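A.B. asks: Next comes the sequence, and after it the predicted model I'd like to discuss.
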Amino acid sequence: MKIVIVGGVAGGATAAARIRRLDEKAEIVIFERSGYISYANCGLPYYIGGVISDPEDLTLQTPEKFFARFRVDVRVRHEVTAIHPDEKTVLARNLETGEEFEEKYDKLILSPGAKPAQPRLPGVGLEKLFTLRTVEDTFRIKEYIDKNHPKSAILAGGGFIGLELAENLREIGMDVTIVQRPKQLMNPFDADMASMIHSEMRKHGVKLALGHTVEGFEEKDGGVDVLLKECAPLHADMVFLAIGVVPDTGLAREAGLELGIKGSIVVNDRMETSAPDIYAAGDAVQVKRYAIGEDALISLAGPANKQGRIVADNICGGDSRYEGAQASSVIKVFDMTAAVTGLNETNAKKAGLDADAVILSPMSHAGYYPGGKLMTMKVVFEKKTYRLLGAQIVGYEGVDKRIDTLAVAIHAGLSAIQLKDLDLAYAPPYSSAKDPVNMAGFMIENISKGLLKQWRLEEVEKLPRDGSAVLLDVRTPKEFAGGHIEGFYNIPVDELRNRLHELDPAKKIYVICQSGLRSYIACRILEGNGYEAYNFAGGFRFYEAALNDRRLVEDATACGMDR
């Protein structure tokens, strides 16, 4: 059996190695357009920033090592230019010699990946306009920086690569601005959670110009002007396009394969395309979003590796199935860590789900053990069924292990309430006896039993301020004096029982504290004494972060510019 693979890296290289482990006699050929069969995409920004100093560390496998171990014929700098499904051949070109030739296959695997989105804007081809996707891109950027010593950069786009690149450019002393049309970075996060990412970026000197449409690029004064709709241009020594990626599926389209979202390759759960004996994996394929079955594009290394393994199993006579992706991700944002899994609240509601969320700010480990740091968690679930839909965490220590726990819980089909039952490891340096994941479960259980009624950030402006309701802040007088929401009355939680006579039992009471814990205790005191009380989800710290960010973003959108 002869297997031809178009594209290496995560999907293609994984499939090749797995096929060899299952079939020692198969003939395997990989065509890779770049000069590298397998490289660390996610490490590329860190080479530019000098965190990774040896370029060889970016290369996970060389063609020679891959052949020595797996007897796979790897042909780098070879581009497949056409697929002929009826003849079961591909047309390939040696990019170094220009030679063209046909290669027959019994099974074909497409792993072309994705390519940086290239908007049709004036100036896109400028020499000082860069994209970052391959090792070659990385070396070109690093060489340009080392030779020309640019002092400033503008990044058009604020996703994973954009943020990692911004951080690494700041670490080598460059002035960095991120500009994009959406009013928040990192769309996998809800806007309220993204506000804390924005704050960390600003804290480290990254300027954010959010809510702006880029209309083109012009060379000027030795650098590049980024032209903005209805605002003055931004200027920098170099510019990066980081507005996302699109599936690289021109071959599949020309071969007549069925295509889906943004031209991605449609596959079934065995990773089979619409053409016999042709499989596909990685960033170029349309998959299902786990748990809700919605079609999605998820360009991440983890799913690509799993898909490559499944393709190999099925080619070698197995029956492996891909159940879908949750898009579990984690990113370093200077000193902070941000992580997400499953659906955020915004996308859950867009998908027609009746979603709700709890927001909490636990310590990374036991409060009495030195060095603990706050994290903010948002756990999204479906009302009535309490199906666990997703989670977002922004913080410092322990963020990654909590998001992984929540990712497993979603995959296992646990309800949001069952998070309270998870038996998680505890020692003071690592966690609390009631782990943050357990705490989220306790809160959701309280909602299910009517012990916790919430009011949310989006309701702040709608609160009745005509005296028909009581707005109560239960922090200390010092905290209250340091900043509070207009119209709120201060009674510290520890004084509440003795001052109930100050509150009208006929009115609803909207309660807030710093993190949500003291206000919950206050709500239970009030409910126990016949009042109807609602607890603010997230606390004043969360409110203040989101509100300050909203003001800064709105100022920037109005050309005041966060720069």
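C.D. replies: Ah, there it is.

A.B. asks: Can you show me the strands along the stretch 1-150 of the chain?
C.D. replies: Residue ranges of the strands in the stretch 1-150 of the chain, as given by DSSP state E, counting those that start in this stretch, are 2-6, 27-32, 38-39, 59-61, 73-76, 78-84, 89-94, 100-104, 107-110, 114-116, 129-130.

A.B. asks: again, but for the stretch 401-550 of the chain
C.D. replies: 454-455, 470-473, 489-490, 508-512, 532-536.

A.B. asks: Just tell me which of those strands ends up closest to residue 525.
C.D. replies: Minimum separation from residue 525 across the strands of the stretch 401-550 of the chain (C-beta to C-beta) falls at strand 532-536, 8.4 Å. In this view, the C-beta of every residue, glycine as well, is placed from N, C-alpha and C.

A.B. asks: And the closest one, what does it pack against?
C.D. replies: Contact here means 3 or more C-beta pairs under 8 Å, 6 or more residues apart in numbering; DSSP states H and E; on that basis strand 532-536 packs against strand 454-455, strand 508-512, helix 517-528.

A.B. asks: what separates the residue of the chain most remote from its centre from residue 411, distance-wise?
C.D. replies: What lies farthest from the middle of the chain is residue 501; by C-alpha atoms, centre = their mean that is 48.6 Å. Relative to residue 411, residue 501 is positioned 51 Å away (C-beta to C-beta, to the nearest Å).

A.B. asks: And residue 217, by the same measure?
C.D. replies: Here the criterion is C-beta to C-beta. By it, residue 217 lies 43 Å from residue 411.

A.B. asks: same thing with residue 491?
C.D. replies: Using C-beta to C-beta, residue 491 is found at 44 Å from residue 411.

A.B. asks: sec struct for residue 400, please.
C.D. replies: When the structure is split into helix, strand and coil by DSSP: H, G, I helix; E, B strand; the rest coil, residue 400 lands in helix.

A.B. asks: Quick one: the helices and strands packed on strand 532-536 as a markdown table, columns for mean pLDDT and mean neighbour count too.
C.D. replies: A markdown table is the format used below for the helices and strands packed on strand 532-536 (pLDDT from 0 to 100; neighbours: other C-beta atoms under 10 Å):
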| stretch | mean pLDDT | mean neighbour count |
| --- | --- | --- |
| strand 454-455 | 96 | 19 |
| strand 508-512 | 98 | 24 |
| helix 517-528 | 97 | 20 |
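
A.B. asks: hmm, who's touching stretch 210-227?
C.D. replies: 119, 121-124, 126, 128-129, 150, 152, 154, 156, 158, 178-185, 198, 228-229, 231, 233-239, 553-554, 556-557, 562 (C-beta atoms under 8 Å, 6 or more residues apart in numbering).

A.B. asks: for the nearest residue to residue 415 once chain neighbours are set aside, what are its contacts?
C.D. replies: Closest residue in space to residue 415, ignoring its immediate chain neighbours: residue 386 at 4.7 Å, by C-beta to C-beta, 6 or more residues apart in numbering. Each residue near residue 386 by C-beta under 8 Å, 6+ apart is listed here: 415, 416, 417, 444, 448.

A.B. asks: Apply 6 Å and report the result again.
C.D. replies: 415, 416, 417 (C-beta atoms under 6 Å, 6 or more residues apart in numbering).

A.B. asks: What of residue 105?
C.D. replies: Residues counted as contacts of residue 105 (C-beta under 6 Å, 6+ apart) are 2, 4, 88.

A.B. asks: per-residue pLDDT, the last one?
C.D. replies: Pointing back at residue 88 there. Predicted confidence (pLDDT) for residue 88: 97.

A.B. asks: still on that earlier bit, select only the buried ones of the contacts of stretch 210-227 in PyMOL?
C.D. replies: Below is the selection syntax for PyMOL that covers the buried ones among the contacts of stretch 210-227, with 16 or more other C-beta atoms under 10 Å defining burial:
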select buried, resi 123+128+129+150+152+154+156+158+178+179+180+183+184+185+198+228+231+233+234+235+236+237+238+239+553+556+557+562
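
A.B. asks: Which of the contacts of stretch 210-227 fall in strands?
C.D. replies: 129, 152, 154, 156, 178-180, 228, 231, 233-236, 238-239 (DSSP state E).

A.B. asks: With respect to residue 254, which of the residues you listed is nearest?
C.D. replies: Nearest to residue 254 out of the ones in strands among the contacts of stretch 210-227 is residue 129 (C-beta to C-beta; 28.2 Å).

A.B. asks: how close does residue 414 get to residue 437?
C.D. replies: The value you get for residue 414 to residue 437, if C-beta to C-beta is used, is 11 Å.

A.B. asks: Neighbour count for those two, which is higher?
C.D. replies: The neighbour comparison of residue 414 against residue 437 (other C-beta atoms under 10 Å) goes to residue 437, with 23 against 18.

A.B. asks: is it true that that one touches residue 419?
C.D. replies: Yes - with the criterion set as C-beta atoms under 6 Å, residue 437 and residue 419 qualify as a contacting pair; they are 5.5 Å apart.

A.B. asks: Distance of the nearest residue to residue 263 once chain neighbours are set aside relative to residue 464?
C.D. replies: With sequence-adjacent residues excluded and distances taken as C-beta to C-beta, 6+ apart, residue 263 is closest to residue 249, at 5.1 Å. Using C-beta to C-beta, one gets 53 Å for the distance from residue 249 to residue 464.

A.B. asks: Looking at the two, which one has more neighbours?
C.D. replies: For residue 249 versus residue 464, the count of surrounding residues by other C-beta under 10 Å is larger for residue 249: 26 against 13.

A.B. asks: what's near enough to touch residue 271?
C.D. replies: Contact criterion C-beta under 6 Å, 6+ apart gives 279, 281, 307, 310, 311 as the residues in contact with residue 271.

A.B. asks: Just the ones in strands from these, please.
C.D. replies: Checking those against DSSP E, those in strands are residue 279.

A.B. asks: If any of the contacts of residue 271 are buried, put those into a ChimeraX selection.
C.D. replies: Only the buried members of those end up in this ChimeraX selection, burial being decided by 16+ other C-beta under 10 Å:
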select :279,281,307,310,311
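
A.B. asks: which ones among the contacts of residue 271 are found in helices?
C.D. replies: Assigned to helices by DSSP state H, the following of these qualify: 307, 310, 311.

A.B. asks: Using CSV, list the CA coordinates for stretch 70-85.
C.D. replies: Extracted in CSV, the C-alpha atoms of stretch 70-85 (Å, rounded to 0.1, in the frame of the first residue of the first chain):
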residue,chain,number,x,y,z
PHE,A,70,10.3,5.6,10.2
ARG,A,71,11.5,4.9,6.7
VAL,A,72,9.3,7.7,5.4
ASP,A,73,10.3,9.4,2.1
VAL,A,74,10.1,13.1,3.0
ARG,A,75,10.4,15.5,0.2
VAL,A,76,10.7,19.0,1.5
ARG,A,77,10.6,22.0,-0.9
HIS,A,78,8.1,20.0,-3.0
GLU,A,79,4.7,21.4,-3.7
VAL,A,80,1.7,19.3,-4.8
THR,A,81,0.0,21.4,-7.5
ALA,A,82,-2.9,19.1,-8.5
ILE,A,83,-4.9,16.1,-7.3
HIS,A,84,-6.5,13.6,-9.7
PRO,A,85,-8.9,11.5,-7.7
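
A.B. asks: what does it contact?
C.D. replies: Defining contact as C-beta under 6 Å, 6+ apart, one finds that stretch 70-85 is touched by 6, 16-17, 20, 28-33, 35, 37, 63, 66, 90-96, 251, 255, 275.

A.B. asks: what sits against residue 540?
C.D. replies: 512, 514.
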